[in-house]
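Engineer: 3D model of this:
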Amino acid sequence: MADKFEGLPAQAGDMALSDANASHARFDVDDIGLLGRIQRFLHSFPTMVPLIVLVLSLIGFGLFAGSKFFSPYNMSLIVQQVSIIGVLAVAQSLIILTAGIDLSVAAIMVLSSVIAGQLAVKLGFNAPLSLLISFVCGTAIGFLNGFLVTRVKLPPFIATLGTWNVFYALNLYLSGAQSIRGSEIDTAAPILKFFGQNITLFGTQISYGSFLLVLVFVILWYALTRTAWGRHIYAVGDDKEAAELAGIRTDRVLISVYSVAGLICAIAGWSAIGRVGAVSPTSFFEGNLQSITAVVIGGISLFGGRGSILGPLIGALIVGVFQSGLRIAGVDVLWQLFAIGWLIIIAVAVDQWIRKVSA
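Structural biologist: Numbers count the residues shown, from 1 in each chain. This is a model prediction of the structure:
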């Protein structure tokens with residue numbers, strides 16, 4: 001191309017080369033076509049996929065299930081139903097952003113709630129102190145998971161699969177496989193059921209647990225997007241070796257992530273007591289898979305390093321909308337699970353598609 005502009009003045013030659021390069025760049029952009037542009041857009045804004053799905057789901061079920069679906073009561077019920085899984089999804093998101101996975105989040109949540117309940121109700125400890133101890137225990141449990149992953153060098157899947165069994169066994173041991181009834185909590189430590197209380201807004205009842213869900217997401221959104229800690233999490237998930245070369249202490253980041261996830265699970269345990277109205281050692285048994293479902297549908301990549309923390313909130317709401325809409329329409333629970341399963345498959349397929357084309 002340089003030969004083509006020989007004999008021209010230097011300035012004219014530079015301008016001609018610049019125009020040629022610009023034309024070539026425009027050709028590259030135009031050459032990718034509409035599909036390529038969509039893929040690049042979704043790669044830059046991964047939360048748009050679940051957001052579009054949520055909007056289409058609301059419109060579809062509004063037409064399919066009738067006006068009852070959009071009633072303030074049903075909208076409030078959807079948020080309340082996903083409030084616990086949504087908080088668990090925050091903890092799960094932190095782990096998955098580092099290219100790991102935590103199969104023990106629900107077990108940590110239930111064990112923390114059992115610890116708080118046993119201390120405050122059965123042993124007569126001060127209720128706020130009991131909650132504080134349960135938070136410390138949840139953080140310590142998360143630290144143990146992080147230690148196994150970073151120091152013992154166990155794969156996150158294996159480490160948390162093992163600790164899930166350990167924590168579940170401890171849960172049954174400490175509780176004696178017995179629930180603490182709501183009447184006992186009301187007498188000894190009513191603060192344990194705080195997040196189950198409601199206030200009236202827009203003509204319907206909204207639980208404090210719903211506000212906790214939003215608050216946790218906002219705090220983690222700020223931490224991940226406005227702090228060095230958040231940037232380090234994305235760097236570790238994207239390429240751990242490159243992060244180490246950049247001077248990031250990756251093991252310390254991972255341990256902090258697992259510890260914070262444990263704390264979030266303990267907070268979810270407090271909220272779960274209010275949601276259930278009791279301290280149940282068998283509640284939210286499927287919380288691990290449901291939290292992963294919310295994260296995957298929410299657009300966070302299972303390969304780590306990509307996705308917005310707000311995505312799992314949308315993902316949890318999508319699951320709630322599907323379950324509510326299908327239930328109102330009279331669809332059997334079996335087909336609700338069928339629909340959720342396909343949502344997971346499609347979400348992962350879209351993630352793979354975006355990653356492949358953008359590479």
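Engineer: work out for me the element the spatially most central residue of the chain sits within.
Structural biologist: The centroid of the chain falls nearest to Ala89 when counting by Cα atoms, centre = their mean (3.1 Å). Taking DSSP states H and E as the definition, one finds Ala89 inside helix 72-97.
Engineer: give me the distance between that helix and the centre of its chain.
Structural biologist: Here helix 72-97 is found 8 Å from its chain centre; the criterion is Cα atoms, centre = their mean, to the nearest Å.
Engineer: same question, stretch 99-111
Structural biologist: The answer for stretch 99-111 is 12 Å, by Cα atoms, centre = their mean.
Engineer: measure that stretch end to end?
Structural biologist: 25 Å (Cα to Cα, to the nearest Å).
Engineer: ok so Phe284 is a strand residue?
Structural biologist: No: counting by DSSP: H, G, I helix; E, B strand; the rest coil, Phe284 falls outside a strand, being coil.
Engineer: is it true that it touches Gln81?
Structural biologist: No: using Cβ atoms under 8 Å as the test, Phe284 is too far from Gln81 to be in contact (11.7 Å). Every C-beta, even on glycine, is put in place using the N, C-alpha and C of the backbone.
Engineer: ok, those two, which is more surrounded?
Structural biologist: Neighbour count, other Cβ atoms under 10 Å: between Phe284 and Gln81, Phe284 has more, with 23 against 18.
Engineer: from Phe69, how far out is the more buried one?
Structural biologist: From Phe284 across to Phe69, the span is 25 Å (Cβ to Cβ, to the nearest Å).
Engineer: just Gly146 next, same as before
Structural biologist: Gly146 is 42 Å from Phe69, by Cβ to Cβ.
Engineer: which secondary structure elements does whichever helix or strand Val253 is part of contact?
Structural biologist: Val253 belongs to helix 250-276 when elements are defined using DSSP H and E. If you count contacts as 3 or more Cβ pairs under 8 Å, 6 or more residues apart in numbering; DSSP states H and E, helix 250-276 packs onto helix 72-97, helix 105-117, helix 127-150, helix 208-226, helix 228-238, helix 240-245.
Engineer: just name the most buried of these.
Structural biologist: Greatest average neighbour count among the helices and strands packed on helix 250-276 goes to helix 105-117 (a mean of 29), per mean count of other Cβ atoms under 10 Å.
Engineer: does anything pack onto that helix? Which helices or strands?
Structural biologist: Where contact means 3+ Cβ pairs under 8 Å, 6+ apart, helix 105-117 is packed against helix 72-97, helix 127-150, helix 156-175, helix 250-276, helix 287-297.
Engineer: tabulate these (a markdown table), appending distance to Trp229.
Structural biologist: Conversion of the helices and strands packed on helix 105-117 to a markdown table gives the following (distance: least, Cβ to Cβ, whole Å):
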| stretch | distance to Trp229 |
| --- | --- |
| helix 72-97 | 10 |
| helix 127-150 | 14 |
| helix 156-175 | 19 |
| helix 250-276 | 7 |
| helix 287-297 | 19 |
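Engineer: okay, those in TSV with mean pLDDT and distance to Ala228 next?
Structural biologist: Formatted as TSV, the helices and strands packed on helix 105-117 follow (pLDDT from 0 to 100; distance: least, Cβ to Cβ, whole Å):
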stretch	mean pLDDT	distance to Ala228
helix 72-97	91	15
helix 127-150	97	19
helix 156-175	94	23
helix 250-276	96	10
helix 287-297	88	23
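Engineer: does Val149 touch Ile101 like I think?
Structural biologist: No: with contacts counted by Cβ under 8 Å, Val149 stays clear of Ile101, the gap being 10.4 Å.
Engineer: so what sits against both of the two?
Structural biologist: Contact criterion Cβ atoms under 8 Å, 6 or more residues apart in numbering; residues bridging Val149 and Ile101 by contacting each: Pro156.
Engineer: re the thing from before, what's the closest of the helices and strands packed on helix 105-117 to Phe338?
Structural biologist: Shortest distance between Phe338 and the helices and strands packed on helix 105-117, using Cβ to Cβ, is found for helix 287-297: 13.5 Å.
Engineer: other SSEs contacting the following helix or strand past that closest one?
Structural biologist: Going down the chain from helix 287-297, the next helix or strand is helix 310-328, by DSSP H and E. Here helix 310-328 touches helix 48-65, helix 72-97, helix 208-226, helix 287-297, helix 333-358, going by 3+ Cβ pairs under 8 Å, 6+ apart.
Engineer: next, format those helices as TSV and append distance to Ile314.
Structural biologist: As requested, the helices and strands packed on helix 310-328 are exported to TSV (distance: least, Cβ to Cβ, whole Å):
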stretch	distance to Ile314
helix 48-65	4
helix 72-97	10
helix 208-226	10
helix 287-297	8
helix 333-358	11
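Engineer: which stretch among those helices comes nearest Gly304?
Structural biologist: That would be helix 72-97 among the helices and strands packed on helix 310-328, by Cβ to Cβ, at 6.0 Å.
Engineer: wouldn't Lys68 be in contact with Ile328 here?
Structural biologist: Yes: the criterion here is Cβ under 8 Å, and Lys68 meets it with Ile328 at 5.8 Å.
Engineer: which residues do the two both contact?
Structural biologist: Asn74.
Engineer: the more surrounded of the two?
Structural biologist: Ile328 (16 against 12).
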